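Student: compute the structure for the input listed below.
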Amino acid sequence: MLYEFALTPDLFDTSTIDNDRANYFIMRTLLSEISKNGLIANLENDLWIKNVEVRLKALSQQSRMNLLPIMKTLKDRKRIVSYSSELKSEPADDLEWLKVALKLNPKEAFHGIVMGPNIAMGEITPEPCLVGFDKVLDSDLWNCRKTSFDVGQNEVEYCNFLKPILKHAKSLSIIDPYLSTEQRFFDTVKICLLNLSNKNVRVNLHAERREIRGLSEAQSAARTILDWEQKIKALRLPNDFGRVNLFLWKPRWRGQRFHDRAIITDQCGIGIEGGLDVYETTRRLTKTTFNLLDSDVIVRRLRDVDPASGVYTLVKQKELSIR
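Tutor: Sure thing, here's the model as predicted:
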């Protein structure tokens with residue numbers, strides 16, 4: 001759903017873009033589409049983006065005016081993701097940049113590696129993910145991209161689909177009115193927490209408050225918080241994990257219904273039609289649909305669960321003790 005590409009820097013070269021109108025169209029389409037549902041690998045400790053920025057400055061004014069806003073969108077959406085390296089200097093040429101991407105690929109599993117038109121393959125062994133710039137928009141790996149998937153509501157399929165989405169995330173919001181420590185809901189929370197690769201991630205859990213018979217609203221909230229802390233402590237998260245905040249909400253009288261379910265990171269948002277609960281495959285073979293949310297929808301859904309917005313009534317907010 002978020003498709004990660006590695007691009008050799010020569011794609012941004014004036015000899016590639018300014019000298020061929022068709023290449024300019026390919027580049028503009030490539031970047032624009034990646035900004036919607038993709039990521040770009042920023043190789044070699046940010047040396048890749050620095051190399052690209054030098055080449056962008058050398059483009060014609062018209063090319064720069066059209067491509068720079070798209071690059072800004074990619075940066076604003078945090079879709080240009082950095083990879084560290086042990087190299088002490090920048091790759092000497094574009095063929096060496098290609099070798100860097102190919103070396104990372106077995107571990108990172110890029111959806112595609114797009115190489116410039118002037119790179120001589122030489123000793124490079126062709127791989128299924130490797131595609132030439134002039135052929136990328138007609139390739140199967142480009143045209144198979146989707147923004148929605150039917151996913152089995154079981155732990156294996158949820159993990160397979162969420163892992164790439166969480167790979168580079170630095171913040172995470174899980175929103176579901178029915179979210180609870182009941183195992184079928186907590187399993188999805190567990191999948192998310194255990195598949196976050198970055199350190200010090202900020203996690204916000206948003207659920208509708210539950211009334212516990214015989215307890216007041218405040219007592220019910222306190223019991224809910226205690227249950228969450230016990231479940232999360234059992235995961236034994238690493239010391240540098242970050243923070244987990246729990247928000248318990250209730251709808252306002254005649255206000256907006258607390259109903260939408262989503263998993264939102266600092267890079268994208270996924271709407272989950274059937275809810276966040278998962279089941280053992282032996283018990284229930286149900287499917288739900290994961291939809292990639294547009295940026296304006298993400299903004300609205302996060303605003304709805306912002307205490308300052310007043311859309312819902314905040315019953316209790318608590319940073320959970322997770323160790």
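Student: poorly predicted segments of the protein, please.
Tutor: Within the chain, the segments meeting pLDDT under 70 span 86-88, 281-284.
Student: look through it and tell me its longest strand.
Tutor: strand 242-251 (DSSP state E).
Student: which positions in that one come out as buried?
Tutor: For strand 242-251, the neighbour count (16 or more other C-beta atoms under 10 Å) marks 242, 244, 246-250 as buried. Backbone N, C-alpha and C define where each C-beta goes, glycine included.
Student: need the max-distance pair from those residues.
Tutor: Maximum pairwise distance among the buried residues of strand 242-251 (C-beta to C-beta): 27.2 Å, between G242 and K250.
Student: one step back: for the buried residues of strand 242-251, give me a markdown table that also has distance to A207.
Tutor: Below are the buried residues of strand 242-251 laid out as a markdown table (distance: C-beta to C-beta, whole Å):
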| residue | distance to A207 |
| --- | --- |
| G242 | 19 |
| V244 | 13 |
| L246 | 7 |
| F247 | 7 |
| L248 | 6 |
| W249 | 7 |
| K250 | 10 |
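Student: of those, which is the nearest to I119?
Tutor: Nearest to I119 out of those is G242 (C-beta to C-beta; 40.1 Å).
Student: where do the helices sit along the chain?
Tutor: Shown for the chain, the helices assigned by DSSP state H span residues 14-17, 21-37, 47-57, 61-76, 94-108, 140-143, 155-166, 183-194, 217-233, 295-304.
Student: could you dump these to CSV with distance to I322 and mean neighbour count?
Tutor: What follows is the helices of the chain, written out as CSV (distance: least, C-beta to C-beta, whole Å; neighbours: other C-beta atoms under 10 Å):
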stretch, distance to I322, mean neighbour count
helix 14-17, 48, 19
helix 21-37, 32, 17
helix 47-57, 34, 17
helix 61-76, 30, 15
helix 94-108, 28, 17
helix 140-143, 39, 14
helix 155-166, 17, 18
helix 183-194, 9, 20
helix 217-233, 5, 17
helix 295-304, 22, 15
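Student: among the ones you listed, which is nearest D260?
Tutor: It is, among the helices of the chain and with distance given as C-beta to C-beta, helix 295-304, at 6.0 Å.
Student: now do the contacts for the spatially most central residue of the chain.
Tutor: For the chain, the residue sitting closest to the mean C-alpha position, by C-alpha atoms, centre = their mean, is I165 at 3.8 Å. I165 makes contacts with 1-2, 263, 265, 267-268, 270, as judged by C-beta atoms under 8 Å, 6 or more residues apart in numbering.
Student: also T16?
Tutor: Contacts of T16 by C-beta under 8 Å, 6+ apart are 10, 23, 27, 116-118, 133.
Student: same thing with R55?
Tutor: R55 neighbours (C-beta under 8 Å, 6+ apart): 9-10, 12-14.
Student: what number of residues lie near the nearest residue to D46 once chain neighbours are set aside?
Tutor: Using C-beta to C-beta, 6 or more residues apart in numbering and skipping residues adjacent in sequence, the residue nearest D46 is S82, 5.7 Å away. Neighbourhood size, S82 [other C-beta atoms under 10 Å]: 15.
Student: does S82 touch L47 like I think?
Tutor: No: under the criterion of C-beta atoms under 8 Å, S82 makes no contact with L47, lying 9.9 Å away.
Student: I'm done for today, thanks for sticking with me.
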